[in-house]
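K.L.:
Can you look at this prediction? I've put the sequence above it.
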Amino acid sequence: MRPLQSAPSRLGLAAALAISFAAPALGAEKAVAIPPPTIDLPAEAGTRTAVLAGGCFWGVQGVFQHTAGVLSAVSGYAGGDKSTAMYEIVGTGATGHAESVEIKYDPRKISYGKILQIYFSVAHDPTQLNRQGPDVGTQYRSAIFTTDDAQKKVADAYIAQLNAAKVFGKPIVTTVDPLKGFYPAESYHQDYLTLHPRQPYIVYNDLPKIENLKTMFTDSYIEKPTLVNAGKATN
């Protein structure tokens, strides 16, 4: 298992243990049952891309790696320049980047709207501004990076729909921005949830998201994750 110093912004091992056992209010955002979007994109042939930011990319990647119809889910950075798309620099919060996940999917098997429903429901808490659980900073913001006007229309309408229904009890703070570029994260971040299922941060903050996906989106859940590095052994 890779040493935890590869992820300094996860508060380190000691802090992660403290969060896991002493301060439950800091993590493990609860899933919320929400309706599907009233408008969606058509089920056309081919591969489509969605880029979503919702806190630490380990958990968001893990959720969509267990989602049927997803062809790949890659952790990375979006919102800033290519020159600053490096973990140590993004962690300063000064690059404009958000930890993000690029999702390639088959729209005949899962729609863009369903991806957004899972994103808002189980992948993160869209009412937290510039943070998720124990992670604080603009690099952990909630954001949808759209590839075209059609995606923007669906995302904007869905946020308005959920806010009108008051399903979260607080306003959604998720931003909808045009995708200027996506930059894959370092190799040690890929498939992190699957490779390190006993890491305290993963146990407390992210494994519950997989369980929520399994119970709340039964038809969309797959047991075997679609990994970036499919040949790697898992723990």
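P.N.:
Perfect, I can see it now. Residues are numbered from 1 along each chain as shown.

K.L.:
From here on, just use CA atoms for contacts and neighbour counts.
P.N.:
Noted.

K.L.:
these two touch, right, residue 72 and residue 104?
P.N.:
Yes - assessed by Cα atoms under 8 Å, residue 72 is found in contact with residue 104 at 5.2 Å.

K.L.:
and residue 161, how far is that from residue 138?
P.N.:
To residue 138, residue 161 is 25 Å away according to Cα to Cα, to the nearest Å.

K.L.:
Compare the two and say which is more crowded by neighbours.
P.N.:
For residue 161 versus residue 138, the count of surrounding residues by other Cα atoms under 10 Å is larger for residue 138: 21 against 17.

K.L.:
so how far does stretch 158-175 reach from one end to the other?
P.N.:
End residues of stretch 158-175 are separated by 12 Å (Cα to Cα).

K.L.:
what residues does it touch?
P.N.:
By Cα atoms under 8 Å, 6 or more residues apart in numbering, the residues outside stretch 158-175 that reach it are 32-35, 37-39, 126-129, 141-144.

K.L.:
again, 10 Å this time
P.N.:
Among residues not part of stretch 158-175, those counted as contacts by Cα atoms under 10 Å, 6 or more residues apart in numbering are 31-40, 53-54, 113, 116-117, 120-121, 125-130, 141-145, 152, 154-157, 176.

K.L.:
what's the distance between it and the middle of its chain?
P.N.:
18 Å (Cα atoms, centre = their mean, to the nearest Å).

K.L.:
Buried residues, that stretch. List them.
P.N.:
158, 159, 161, 162, 163, 168, 171, 172, 173, 174 (16 or more other Cα atoms under 10 Å).

K.L.:
Just the closest of these to residue 221, please.
P.N.:
residue 158 (21.9 Å; Cα to Cα).

K.L.:
So the closest one belongs to a helix, correct?
P.N.:
Yes - judged by DSSP: H, G, I helix; E, B strand; the rest coil, residue 158 forms part of a helix.

K.L.:
Quickly note the distance from it to residue 138.
P.N.:
23 Å.

K.L.:
Can you show me the helices along this protein?
P.N.:
12-22, 57-65, 87-90, 112-118, 149-165, 192-195, 200-201, 207-216 (DSSP state H).

K.L.:
Please identify the most buried of those helices.
P.N.:
Between those, helix 57-65 has the highest mean count of neighbours, a mean of 29, where neighbours are mean count of other Cα atoms under 10 Å.

K.L.:
what inclination does it have with respect to helix 207-216?
P.N.:
On the basis of axes from the mean of the first three to the mean of the last three Cα atoms, to 10 degrees, helix 57-65 is oriented at 20 degrees to helix 207-216.
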